[in-house]
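Trainee: Fold the stuff below for me.
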Amino acid sequence: MAATLTEFDIIIRLSLAFAAGFIIGIERSSRRQVAGLRTHILITLGACCLMMLSLWLPQQMGGGDPGRIAAQVVAGMGFLGAGAIIKLGNNIRGLTTAASLWLMAAVGLTIGAGMFLTAAVVVGFALITLIVLHLIERKIFPEDNWKKDTPEKEE
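Mentor: Residues are numbered from 1 along each chain as shown. Next comes the predicted model:
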């Protein structure tokens, strides 16, 4: 990682954050989740931007804690993620979407810090989790065995 952020570094980091948010956002949109493509891109870009700000401020001020803003992003994502969780009857939906939003904030912070390989591996594992494991879950736990959203009426 360079000693100071250059304009080239900023463009590369924001472009990679956009791409990471796009990849996971497309998967979430393909499953018709409310928090889809645009939401994931905006969260990843925002987290990346804030991480770069965390790195830039101490460089400009001659000191400071670059982890302070990043810590607030992690805490703040909990509130945003909670908005993605919905209770339907006896079931709760949106936990995976909330988790993917939180994860993309972490990916944005990671890209903003210049840890590109780490971010790429995390996005890869996220895709495996969201796509491959979803298929495996459906084979092991078919939907007809799941609880219904509303109680069945007796006839």
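
Trainee: Find the residue ranges of the protein scoring beneath the pLDDT cut-off.
Mentor: Judged by pLDDT under 70, the chain has its weakly predicted residues at 1-3, 144-155.

Trainee: Quickly find the element holding the residue lying closest to Ile131 once chain neighbours are set aside.
Mentor: Distance criterion CB to CB, 6 or more residues apart in numbering; nearest residue to Ile131, sequence neighbours excluded, is Glu27 at 6.2 Å. Every residue, glycine included, has its C-beta placed from N, CA and C. Here Glu27 sits within helix 7-30, counting by DSSP states H and E.

Trainee: what's that helix in contact with?
Mentor: 2, 35-45, 47-49, 52, 97, 100, 103-104, 107-108, 111-112, 114, 116, 119-120, 123, 126-127, 130-131 (CB atoms under 8 Å, 6 or more residues apart in numbering).

Trainee: This protein: strands as residue ranges?
Mentor: Here the chain has its strands, by DSSP state E, at 86-88, 91-93.

Trainee: and Arg32, backbone torsions?
Mentor: Arg32 adopts backbone torsions of phi 60, psi 40, taken as degrees, to the nearest 10.

Trainee: gap between it and His40?
Mentor: Taking CB to CB, to the nearest Å as the measure, Arg32 falls 14 Å from His40.

Trainee: what does Gly108 give?
Mentor: Taking CB to CB, one finds Gly108 at 10 Å from His40.

Trainee: what about those two, which has more around it?
Mentor: For Gly108 versus His40, neighbours defined as other CB atoms under 10 Å are more numerous around Gly108 (34 against 29).

Trainee: ok, now which ones touch the more buried one?
Mentor: Contacts of Gly108 by CB under 8 Å, 6+ apart are 17, 20-21, 43-51, 73.

Trainee: What sits closest to it if chain neighbours are left out?
Mentor: In space, Gly108 is closest to Ala47, 2.8 Å off (CB to CB, 6+ apart).
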